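**Student:** this one's sequence-less:
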């Protein structure tokens, strides 16, 4: 059974940084495209970044481009999301998803984690 576990969320002031981790168990991550999504209360789930199985291809939503960086360490079965210059509007529950296929920013992913909360507030 594919399992993803996110961590690294928390409370941070505007302009601060966080690094989220998505750890896979039950499968080898290097065959899967991994994406990060987020969902704020009352809003739809938003795809914010994805990375291809060997990391050669990435994509970002316009809302995070230039501030967030996705990376992966297949030896550690982990995908990271480095978030810099955080804004209050980045506040949301952040999820990672896995799929076999192209890197896409819509929720066409087969496995999901439970999420980690990010709150940006002074």
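**Tutor:** Sure, I can see it. All figures in this text were calculated on a predicted structure; none of them were measured in a lab.
**Student:** can you list contacts of stretch 71-91?
**Tutor:** With contact meaning C-beta atoms under 8 Å, 6 or more residues apart in numbering, stretch 71-91 is reached by 12, 14-25, 28-30, 34, 36, 38, 40, 48-49, 51, 53-55, 63-64, 67-70, 94, 96, 118-121. From N, CA and C alone the C-beta is placed, and that goes for glycine too.
**Student:** surely residue 112 meets residue 99?
**Tutor:** No - between residue 112 and residue 99 there is no contact, the gap being 10.2 Å when judged by C-beta atoms under 8 Å.
**Student:** spatially central residue in the protein, please.
**Tutor:** The centroid of the chain falls nearest to residue 36 when counting by C-alpha atoms, centre = their mean (2.5 Å).
**Student:** show me the beta-bridge partners of that residue.
**Tutor:** residue 49, residue 96 (DSSP bridges).
**Student:** need the contact list for it.
**Tutor:** Applying C-beta under 8 Å, 6+ apart to residue 36 gives the contacts 20, 22, 47-50, 70, 79, 81, 94-97.
**Student:** for residue 110, see how far away it is.
**Tutor:** According to C-beta to C-beta, to the nearest Å, residue 36 and residue 110 sit 15 Å apart.
**Student:** same check, this time on residue 38
**Tutor:** Applying C-beta to C-beta, the value for residue 38 to residue 110 is 19 Å.
**Student:** got it, and residue 33?
**Tutor:** Relative to residue 110, residue 33 is positioned 10 Å away (C-beta to C-beta).
**Student:** got it, and residue 16?
**Tutor:** In this structure, residue 16 and residue 110 are 33 Å apart, going by C-beta to C-beta.
**Student:** next, residue 66: phi, psi?
**Tutor:** phi 90, psi -10 (degrees, to the nearest 10).
**Student:** with residue 54 instead?
**Tutor:** The phi/psi pair for residue 54 (degrees, to the nearest 10) is phi -110, psi 10.
**Student:** next one, pLDDT for it please.
**Tutor:** Looking at residue 54, its pLDDT stands at 81.
**Student:** quick check: closest non-adjacent residue to it.
**Tutor:** residue 30 (6.8 Å; C-beta to C-beta, 6 or more residues apart in numbering).
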